[in-house]
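Trainee: Structure of the sequence below:
(2 chains)
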2 protein chains.
Amino acid sequence: MLEHEIENGPSRVRLRFTPSDKDVRVPAGVSVFDAASWNGIAIDSTCGGHGTCKKCKIRVVEGNVPVQRLDGRAFDTEQLRQGWRLACTALANEDLLIEVPPLTTRPKAATVGVGRQVILRPAVQKRYLELESPSLSDQRSDVDRVLQAIDDLELRVDPGLLREIGGVLRGNSFAVTAVIVDDELIAVEPGDTTPAQYALAFDLGTTTVVATLLDLITGTPVAVHSMLNKQQPFGADVISRISATMLDPSALGRLQALAHETLNELTADACAEGGVLPENVYEVALAGNATMVALALGIDPEPMGVAPFVLVSHAPSGMLAKDLGIQVHPRARAVIFPALGAYVGGDIIAGALATGMDRDKRLRLFIDIGTNCEIVLSDGDRLVATAAPAGPAFEAGSIRCGVRAASGAIEVVRLTESSVEIEVIGQTTPVGICGSGLVDAVSELTRLGLLDSSGRFVSSEVAAERWPHLAERLSEVAGERVFILAPAEGEVDRPIFVSQRDVRELQFAKAAISTGWTLLLAELGLDPSDVQQVLLAGSFGTYLSPISAIRIGLVPKLPVMRIVSAGNVAGEGAKMVLLSAPERHGAAALLTEIRYVELSDRTDFNDRFVEQLAFPS
Amino acid sequence: MLEHEIENGPSRVRLRFTPSDKDVRVPAGVSVFDAASWNGIAIDSTCGGHGTCKKCKIRVVEGNVPVQRLDGRAFDTEQLRQGWRLACTALANEDLLIEVPPLTTRPKAATVGVGRQVILRPAVQKRYLELESPSLSDQRSDVDRVLQAIDDLELRVDPGLLREIGGVLRGNSFAVTAVIVDDELIAVEPGDTTPAQYALAFDLGTTTVVATLLDLITGTPVAVHSMLNKQQPFGADVISRISATMLDPSALGRLQALAHETLNELTADACAEGGVLPENVYEVALAGNATMVALALGIDPEPMGVAPFVLVSHAPSGMLAKDLGIQVHPRARAVIFPALGAYVGGDIIAGALATGMDRDKRLRLFIDIGTNCEIVLSDGDRLVATAAPAGPAFEAGSIRCGVRAASGAIEVVRLTESSVEIEVIGQTTPVGICGSGLVDAVSELTRLGLLDSSGRFVSSEVAAERWPHLAERLSEVAGERVFILAPAEGEVDRPIFVSQRDVRELQFAKAAISTGWTLLLAELGLDPSDVQQVLLAGSFGTYLSPISAIRIGLVPKLPVMRIVSAGNVAGEGAKMVLLSAPERHGAAALLTEIRYVELSDRTDFNDRFVEQLAFPS
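Mentor: A predicted model of the protein is given here:
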């Protein structure tokens, strides 16, 4: 890598499109076709940018794009001189002005992710063919007969198809539907099955797994299902699961089987709900952290669990759905999101794709809070990322009265001068406190000065003086100072409280995260006050109160409107690559654009961490 | 296809190489690298022509070769102006004079086929790597660590490797051997295994299957084994086996299993004899007729068995050895020879490759005699082929005293004025007559005038008049006229004879074949007297007496020295593509160069056939 790139990331070029008058910046070296696709500018194409259909004609009005071999087949010398090129082989290596001719077909688009509009261009496509029957004067092979009827594409043939094609052709008077994924013919189906084109997007979380069944013709979800990851008995977080494989040689196989069961049960449920035959699902996309992906593929995760935290592969490719145990079409493809590192996995790349981290000029901070917290910082040109070991506090794992964010969990806490107001999930009797409730409680206690900025509960005397109506809540349980959120009365059978140790747990967790983004900002020579937007990813991000997050210093201090819950962005990324194949190149581009900053070997980490332990005053 | 090509086949160009001063003609559009490789001219390369190593530098001295993208990376403007190009992307579309720089490494070569010398350039290669261990400042993934150490190649990664690579690297202090096949990394092995690089070539015949285990470093065979195809119980010829699958839905699965058993038993035997571990075999090549290949792959052969005789695929690609049931390295690749048609299969393409049918300026006729007889005619520029249904006569299948060419079979017959001389396989008591003996017998009987040119035995009176000492051999058995080759005396327990009906069977068989080559010659506007060499392929070709073949009119009448037994050319072709990957392009080129002439729908076939029934006078 060049020093320049280390400092600034790979270089970017500016592309202007006419007549749409769009102005975009993309990494140097991407194709004009991909650059247009990623930015919602439709260019004619039936092959999706594989250089076979020769329909993606554009004219380079300003700037220089060398003539490629395919251009010579698509244009005559005069046209080449005028700047005509095929967008799929035209590489943007400098600033360009591009003229896009009117479309012959109206493109469909779908909105996914955080306001990202994608042009519907799935890798899956079908062609209904009514073929001539063979004769002694036309002895073309079955495969050639089908391939030659799809003359705008140059397709490879899945070997598994060879056992079926003869029977399907002859059983249906040579009226069949060809199923294409990317540049490969994967199936030939009886009659016209063109209306049935589906794909499944998976967000494979350590805790929760979500499946979205997509209709690739309309671009809309037809069913969404989620369930707990069946690997839970092996531990709540990735480290426990990695440890399990290190302690017991049979654990990897069992974890893989459980991942497959989870994915497959969701597949069956989603297909049943959507009224879709599993064999009409031709592609799946999987966004997960690196450990979840490794376990699902049966790859030993140990090297990711111990220093120096190494991945087997950044970008496992050539996978099939059946390699993930997913029972859909037997030759369905699997797109697995690439991982930047052992702790910045495919889920984060998917999230960065869905939130357009590399194409927004604002300085944005993406935070996916969990036991392992991933952070991406970008000003649209420079992207840096890191992983912070936050521990289980945000999932209330190590918290005395902590419970998972489910029915009965206190998820919101507000303190007034005289009362403690709580909101409970399911509006039922509270049984404990979940992560967002804990953050609220600590934030409120700090605001009222019942916790000092070092995170210590103030003395009972000071509390009684400041807030006489709340002072009685400051108590002791098993010799530890606590603040009682819900006393044991009525249906509440034991008091629900936040303890001094709970506060410490949260301090360590939030300090790990804020040290992460502080160091990333320092990498770019910027200050927390420069941040213009914070995107909180994942389900925790959805429930967390932005104002509380600011108060405890989990995120930089900026107007609360700029703290955005981005939701399940990993799942959105998975949907994007299924709806628009060029977005896969976008994911791959992110891998080269984002620079990973390892925290564990930094000499300044501990100093920064200690600084961040305190709550902002 | 252009009319010109239909008339003349694809066009050819002439390439001259300096300083070797070789002058070759190749199909227009092949790469200079392939053209050189096929003709034994070594050009530096480590990637085998995949465009990644950038070592195959040549200079175009005369003629025009457009600059390709890779050239721009390998040469500066001045060098490009001087004609420097990478041979692997330089396409020969016109006559060229090419300067080949001195080699940096001395190429190894091997002689295979009929005098074909190939430069050793196997698709399989190994690299021993001593890698740096990962550290916090070098967190490259395992895959990237290996790939970046092989920086002259751009490799894809077999997904199956991902489950193994981590353990192999860490179990061997990161000193490992990378196994590459073509442009794919298929394995990483502990320590230095570079001396162990093997491949298996299979000639998958309907009757006999031959396996040759090749050492890819020396280019020499380390073991050769053959056995009867275990599918024999389903019938002796391809039609019986196709019929079996049509009568019984379970037969295809059983035939496939038997093919796999056959291939696998040979694999085990060859590896045991050669002292080679099966997991050190990384590639296999299979040459077989289209039916044998289909059955081995589990493809329903029915469409090949009934008009219009259609293949599922000309060129099954992307196959693994395990798809053929061959238990070698689990990710070993399989090269399956492409087939021209249902009755001109991969075995014939392999044979045409091994005999250099497309690169010899003489008019040559290639005949593979069997139940189905394949014929290729070439003048080096124009190649035509057909299949003739010869029936079982040459395998003595329908012959009264016919036996397979094994111990006890009369394989040579000579008649003198007064005696019948026979040679028996194994020099033992004769038990019957095999194909070559039958051809000899009929040839000799015709020469002496005991058979007339219409194939009828002359009357006993005429016989007695002409050859008094032989006349007693002309007898009757079960009401049919016969000529006794071995009377029942001594250890011969029943007379061995050629019957009138046997002669008819042979006449029909040889007429089918000679009609075939007569029509091919007519296609090129040529006469049988123009033929300069006849290559007899297969084991039958080895035993057949050339003079007898001429006398009965099985081959054109030409000096007997020009009738050449080419031996097991299908097996030689299979060896060639394993020893030299560019030869695979040669096989693919043959598929486009050879024009198939279907006999079964020709209106002139029957007329020609009747003409050919008689013996030449």
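Trainee: Please list the residues of the stretch 201-350 of chain A that sit near chain B.
Mentor: Residues of the stretch 201-350 of chain A lying close to chain B (C-beta under 8 Å from any C-beta of the partner chain) are A:297-300, A:302-303, A:307-314, A:316-319, A:323, A:341-342. Placement of C-beta: from N, CA and C, glycine included.
Trainee: Any of the residues you listed buried? List them.
Mentor: Buried residues within those, counting neighbours by 16 or more other C-beta atoms under 10 Å in any protein chain shown: A:297-300, A:302-303, A:308-314, A:316, A:319, A:323, A:341-342.
Trainee: Relative to A:Val555, how far out is A:Pro528?
Mentor: With distances taken as C-beta to C-beta, to the nearest Å, A:Pro528 is found 9 Å from A:Val555.
Trainee: which residues are in contact with both of these two?
Mentor: Counting by C-beta atoms under 8 Å, 6 or more residues apart in numbering or on different chains, the common neighbours of A:Pro528 and A:Val555 are A:Trp517.
Trainee: So which of the two has more stuff around it?
Mentor: A:Val555 (26 against 15; other C-beta atoms under 10 Å in any protein chain shown).
Trainee: So what does the more buried one look like in phi/psi?
Mentor: Dihedral pair for A:Val555: phi -130, psi 160, per degrees, to the nearest 10.
Trainee: can I assume it is in contact with A:Ile563?
Mentor: Yes - the pair A:Val555 / A:Ile563 is scored as a contact, 6.0 Å apart, by C-beta atoms under 8 Å.
Trainee: Overlap of the contact sets of the two?
Mentor: By C-beta under 8 Å, 6+ apart, the residues touching both A:Val555 and A:Ile563 are A:Val534, A:Leu536, A:Pro546, A:Ala549.
Trainee: how much space between the second one and B:Trp38?
Mentor: By that I understand A:Leu536. Distance, A:Leu536 to B:Trp38, by C-beta to C-beta: 63 Å.
Trainee: Next: A:Val492.
Mentor: Per C-beta to C-beta, A:Val492 is found 86 Å from B:Trp38.
Trainee: Those two - which one has more neighbours?
Mentor: Shown here are A:Val492 and B:Trp38; by other C-beta under 10 Å, B:Trp38 has more neighbours (25 against 14).
Trainee: what stretches of chain A score poorly on pLDDT?
Mentor: By pLDDT under 70, the low-scoring segments of chain A are A:1-10.
Trainee: Which parts of it belong to which domain?
Mentor: Structural domains assigned to chain A are A:3-107, A:124-190, A:198-346, A:356-391+A:506-613, A:394-500, following automatic domain parsing.
Trainee: The helix or strand where A:Leu252 lies: which residues count as buried?
Mentor: A:Leu252 belongs to helix A:251-274 when elements are defined using DSSP states H and E. Neighbour counts using 16+ other C-beta under 10 Å place A:251-252, A:254-256, A:258-260, A:262-264, A:266-271, A:274 of helix A:251-274 among the buried residues.
Trainee: Return the residues of the stretch 501-617 of chain A in contact with chain B.
Mentor: Selection of the stretch 501-617 of chain A residues close to chain B by C-beta under 8 Å from any C-beta yields A:Tyr596, A:Glu598, A:Ser600, A:Asp601.
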